[in-house]
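Colleague: no sequence for this one, just the structure:
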């Protein structure tokens, strides 16, 4: 018989560097999950991401056990890395903060493809271009 999922928790944590401090500790503690066990498993599984923010969906079961799924990093984080900027623009339609090439956009789209709502890579690239535009990052041809 399958375990009953009591709650699903969605968090973002730095890959390979998660700690029991907020936001992870309080979110898991209120559901009775062993925080230290989660942190060690999460850090082990995301060791190669080394500090890149990654979303994680944690399923907590009735017996306080858990399982979790690590998603691909947010498009905004990947775009900031590609454009080598610290943050997006406050007024993206007037103030541009960086540039990315179509090749970089396509690479990000490949990374994110499973988490995007797109049928093919071209449509996924359009989604990534839209995110870049909203951040004040120009996409060069």
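Modeller: The structure has been received and is ready for your questions. Keep in mind that what you see is a predicted model, and the values were worked out from it rather than measured.
Colleague: roughly how far does residue 37 sit from residue 16?
Modeller: Between residue 37 and residue 16 the distance is 16 Å, computed by C-beta to C-beta, to the nearest Å. To be clear about C-beta, it is placed using only N, CA and C from the backbone, and glycine gets the same treatment.
Colleague: neighbour count winner among these two?
Modeller: Each of residue 37 and residue 16 has its neighbours counted (other C-beta atoms under 10 Å); residue 16 has more, 17 against 12.
Colleague: tell me how many other residues surround the closest residue in space to that one that isn't next to it in sequence.
Modeller: In space, and not counting its chain neighbours, residue 16 is closest to residue 47: 4.5 Å by C-beta to C-beta, 6 or more residues apart in numbering. Look at residue 47: counted by other C-beta under 10 Å, it has 11 neighbours.
Colleague: next one: residue 100
Modeller: By other C-beta under 10 Å, 24 other residues sit near residue 100.
Colleague: partners of the helix or strand hosting it, with directions?
Modeller: Element membership for residue 100, per DSSP states H and E: strand 98-101. Looking at strand 98-101 with DSSP bridges, its partner strands are strand 137-140 (parallel).
Colleague: residues contacting the residue lying closest to residue 111 once chain neighbours are set aside?
Modeller: Among residues not flanking residue 111 along the chain, residue 72 sits closest, at 5.5 Å (C-beta to C-beta, 6+ apart). Contacts for residue 72 (C-beta atoms under 8 Å, 6 or more residues apart in numbering) come out as 54, 111-112, 114-115.
Colleague: now do residue 8
Modeller: Residues counted as contacts of residue 8 (C-beta under 8 Å, 6+ apart) are 57-60.
Colleague: beta partners for it?
Modeller: Under DSSP bridges, the beta-bridge partners of residue 8 are residue 59.
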